[in-house]
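Q: turn this into a structure:
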Amino acid sequence: MWNESFFSAPQLKRDPLDGPTNFSLKQLSLTASVWEAEDRALKRGDDPPPCPRCHRRGFYAPRFAPPCRRYRACKFCGFWQSMGRPPHKIIRYECIRPDHRYADWKEPQEWWMCPFCGARYSPADAVPWPVHNRAHPWHEAPRSGTQRRYIDYWLSKGVRTAPLFGIP
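A: Numbering: from 1, shown residues only. Prediction:
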């Protein structure tokens, strides 16, 4: 462990997801009102907010999983926070075949099956987040912009379904 007083300068602190940050993500709170405000802003067409961890736009948003789980996540760096909990680590899977490229995100103990080809992946098959892989094609995406700019970018890359901003 480190000596906290020695590493007290904000630029030297690290967040709980192993990335440098200028504030502690442990203190970041996700309440229902915060989640709803972020979702409302995207639904009315506001520009996508930056990720609290990597500061990229276009990959971070409030999200919903049935039946009633509300959380926020960045699919570029792996920032993940469920309502009422501190951010935590998740893992990323990718299935890359000649006819498809598909990615999904899971809790560290969860396995994954590609919905296109049925290939099964264990946690040992997890891949680095795009933020840690400079060759990943997502580094070509705009670093900032409007919702329309992101939708147009992904459609120009052949993404079948453009990303949704705000929970439908």
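
Q: in the lowest-mean-pLDDT helix or strand in the chain, what's buried?
A: The helix or strand of the chain with the poorest confidence is helix 147-156; it has a mean of 84 (mean pLDDT, DSSP states H and E). Within helix 147-156, the residues that count as buried by 16 or more other Cβ atoms under 10 Å are 147, 149-151, 153-154. Using the backbone N, CA and C atoms, a C-beta is placed for each residue, glycine as well.

Q: over to stretch 67-77?
A: For stretch 67-77, using 16+ other Cβ under 10 Å, the buried residues are 70-77.

Q: mind putting those residues into CSV with pLDDT?
A: Compiled in CSV, the buried residues of stretch 67-77 are given as follows (pLDDT from 0 to 100):
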residue, pLDDT
R70, 90
Y71, 90
R72, 91
A73, 90
C74, 91
K75, 89
F76, 91
C77, 92
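
Q: which of the buried residues of helix 147-156 lies closest to A126?
A: Nearest to A126 out of the buried residues of helix 147-156 is W154 (Cβ to Cβ; 23.7 Å).

Q: okay, which residue is most central for the protein?
A: Ranked by distance to the mean C-alpha position of the chain (Cα atoms, centre = their mean), the top residue is C74 at 1.5 Å.

Q: for that residue, give its distance to W129.
A: 9 Å (Cβ to Cβ, to the nearest Å).

Q: do H88 as well
A: Per Cβ to Cβ, H88 is found 14 Å from W129.

Q: the two: which is more packed in?
A: Higher neighbour count among H88 and W129: W129, with 22 against 15, using other Cβ atoms under 10 Å.
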